[in-house]
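[1] fold the following.
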Amino acid sequence: MPIPALLAATRPETLLHHAIYYIKARLPRYHTGRVVLLGDAAHAMTPDIGQGGCQALEDAVTLVHLLAKHDVPAALAAFDRARRERTQKIVRTSAIWGTISEWRNPVAATIRNALVRLLPPSAFLNASRQTLGWQPPHERLAA
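    Numbering: from 1, shown residues only. The predicted structure follows:
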């Protein structure tokens, strides 16, 4: 069924609407004492680049790696140093893409749509290389 027909056949009362919120103010750190925040608890982001769950997994892998090498306080401090800059950059990138995707000005939206159609897929991949190219810590974890 074509999308317009599917949308036209959808009863309004069956639609769900959930506002999207994210933490605009960056946290000064992701840990205090022996408590650490991971994923959305530390760096909630809009879903515009699909990185929320990915960043939570990266957080977990990084934390496990650091806990295998350090005592808890040192591991949490190292985790914060290792993750905060990257995750906050991704939060900002996602918010920017979300803002651009919501442009309603006809001229701005037309330009945005034309650029998206004209850019080759490789341009999007190159722009996403830093986000998508994360590698887990290279040292093997203790068994």
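[2] give the other helices and strands that the biggest helix by length in the chain contacts.
    The longest helix of the chain (DSSP state H) is helix 72-101. For helix 72-101, the packing partners by 3 or more CB pairs under 8 Å, 6 or more residues apart in numbering; DSSP states H and E come out as strand 31-32, strand 35-36, helix 40-43, helix 52-69. The C-beta positions use only the backbone N, C-alpha and C, and glycine is treated the same way.
[3] and it, what's buried?
    For helix 72-101, a neighbour-count test (16 or more other CB atoms under 10 Å) marks 75-80, 82-84, 86-88, 90-91, 93-95, 98 as buried.
[4] ramachandran coordinates for R29?
    As for R29, its main-chain torsions (degrees, to the nearest 10) stand at phi -160, psi 160.
[5] distance check, A74 against P121.
    Note on A74: its distance to P121, by CB to CB, to the nearest Å, is 43 Å.
[6] low-confidence stretches in this protein?
    In the predicted model of the chain, residues 1, 22-23, 139-143 satisfy pLDDT under 70.
[7] which residue is nearest the centroid of this structure?
    Centroid-nearest residue in the chain: Q51, 3.1 Å away (criterion: CA atoms, centre = their mean).
[8] my guess is it meets A44, correct?
    No: no contact is recorded between Q51 and A44 when judged using CB atoms under 8 Å, the distance being 11.3 Å.
[9] any idea which of the helices and strands packed on helix 72-101 is most buried?
    Each of the helices and strands packed on helix 72-101 was given a mean neighbour count from mean count of other CB atoms under 10 Å, and the largest, a mean of 19, is that of helix 40-43.
[10] give me the number of neighbouring residues for the residue nearest to P47 when sequence neighbours are not counted.
    Closest residue to P47 apart from its sequence neighbours, by CB to CB, 6 or more residues apart in numbering: I20 at 6.9 Å. The local packing of I20 (other CB atoms under 10 Å) involves 10 other residues.
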